[in-house]
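K.L.:
this one's sequence-less:
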């Protein structure tokens, strides 16, 4: 977390530990802090404060964006029905959803739950650059299609998806669109009005806020059902006591990000380019940058090397870098690389690097040297 975010949270672990819903005067400071955080998140996303619903993180935000909308959207049933076990009627065709194959596991798992509840779900593939075609989505629209899910950016290869075009196509057919923006917020500017999405998820720890805190943008006037039940909070879309320190930390991180994201974007891009250029100069033609020729996140780069990724990780232990970890069930890196057509051998030779606001040029140069040395060591072994 950013030091300023940690500082903003401190009093809400002790001095201001009350619940905002309590009626005594001491709870007013807590309530005001939550609403300030809501305003900060709304400024970051370009929406109104009442369109921000706080959650326990990106996973819950994605679950609520998919299932909360689906419980309203289902064809042929009473929209006042809150019972998720009975969303479909046997007297009408089942509702239909479209979900890209490269979504986060939280979106994919929620979509699979829709299938258990009687929905039909189509999985939309991407191309070799990780781009999901709007035409591929649109070609699968049906009269019963109610929901489309497409992430704003992929956290493995960095590809930025054509969300606005898909939103325009979807809305022309009365289809809601949910966007997982957890990998994009803090790396690139995100404006929900420009994207024209119906719901959009964010996760605080992706932009220097606390883990276990996130939010869902819910467009004004959109009907949603809660997916958790109890004492109602967050405009009736969430049950349970508020995670006040987490919400305050999210708000502080959002305010910081809104001020800095434009400058940070340029710096992150420069650092990633320095990394790629350094590896190419050192390793000659033995690397391939994935999704190199499409719009990508400025901080994320996946590189296929001639050496097994795990051998590099074992040798260059000072570098924090991601590689595929499992094949059954596949982890996110494996699943995304398979979706763009990579073989198991290529997946095993791919490293995913990401840089942050505190990454220095010296660290990039050191990482290049460590990777090059690890590749050289592996070639001699």
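P.N.:
Received it, and whenever you're ready, just let me know what you need. This structure is a prediction, so every number in the text was calculated from the model and none was measured.
K.L.:
going forward, measure contacts between C-alpha atoms and count neighbours the same way
P.N.:
Will do.
K.L.:
residue 93 and residue 174: what is the separation?
P.N.:
Note on residue 93: its distance to residue 174, by Cα to Cα, to the nearest Å, is 17 Å.
K.L.:
repeat for residue 12
P.N.:
For residue 12, the distance to residue 174 (Cα to Cα) stands at 43 Å.
K.L.:
tell me the pLDDT of residue 15.
P.N.:
pLDDT for residue 15: 86.
K.L.:
nope, residue 83 is what I meant
P.N.:
In this prediction, residue 83 carries a pLDDT score of 37.
K.L.:
please apply the same query to residue 73.
P.N.:
Confidence score, pLDDT, at residue 73: 61.
K.L.:
now do the one 3 residues further on
P.N.:
Per-residue confidence at residue 76 stands at 42 (pLDDT).
K.L.:
between residue 12 and residue 174, which one's more packed in?
P.N.:
Regarding residue 12 and residue 174, a neighbour count based on other Cα atoms under 10 Å identifies residue 12 as having more, with 19 against 14.
K.L.:
can you tell me how far the nearest residue to that one once chain neighbours are set aside is from residue 306?
P.N.:
Spatially, and ignoring its direct neighbours in sequence, residue 12 is nearest to residue 245 (5.3 Å; Cα to Cα, 6 or more residues apart in numbering). Note on residue 245: its distance to residue 306, by Cα to Cα, is 46 Å.
K.L.:
neighbour count winner among those two?
P.N.:
More crowded of residue 245 and residue 306, by other Cα under 10 Å: residue 245, with 25 against 18.
K.L.:
can you verify that one is assigned to a helix?
P.N.:
Yes - applying DSSP: H, G, I helix; E, B strand; the rest coil, one finds residue 245 inside a helix.
K.L.:
OK, contacts around it?
P.N.:
By Cα atoms under 8 Å, 6 or more residues apart in numbering, the residues touching residue 245 are 9, 10, 12, 13.
K.L.:
nearest to residue 136 among the residues you listed?
P.N.:
Nearest to residue 136 among those: residue 9, at 44.7 Å, using Cα to Cα.
K.L.:
so after whichever strand or helix holds residue 72, what's the next helix or strand?
P.N.:
Using DSSP states H and E, residue 72 maps to helix 69-73. Counting by DSSP H and E, the element after helix 69-73 in chain order, helix or strand, is strand 96-100.
K.L.:
show residues contacting that next one.
P.N.:
Taking contacts as Cα under 8 Å, 6+ apart, the residues outside strand 96-100 that touch it are 108, 111, 119-126, 132, 137, 140, 142, 144-150.
K.L.:
now the buried members of those residues.
P.N.:
Among the contacts of strand 96-100, those buried by neighbour count (16 or more other Cα atoms under 10 Å) are 108, 111, 119-126, 132, 137, 144-150.
K.L.:
narrow those to those in helices?
P.N.:
Secondary structure from DSSP state H places 108, 111, 137 of these in helices.
K.L.:
those residues into a markdown table, with extra columns for distance to residue 277?
P.N.:
Shown next, in a markdown table, are these (distance: Cα to Cα, whole Å):
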| residue | distance to residue 277 |
| --- | --- |
| 108 | 35 |
| 111 | 40 |
| 137 | 35 |
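K.L.:
pretty sure residue 179 sits in a strand.
P.N.:
Yes - under three-state DSSP, residue 179 falls within a strand.
K.L.:
what pLDDT does it get?
P.N.:
With respect to pLDDT, residue 179 has a value of 98.
K.L.:
which residues does it contact?
P.N.:
By Cα under 8 Å, 6+ apart, the contact list for residue 179 reads 149, 150, 151, 152, 163, 197, 198, 199, 200, 201.
K.L.:
what about 10 Å?
P.N.:
Going by Cα atoms under 10 Å, 6 or more residues apart in numbering, residue 179 touches 62, 65-66, 103, 107, 148-153, 163, 167, 192, 195-202, 216-217.
K.L.:
does residue 261 count as helix, strand or coil?
P.N.:
helix.
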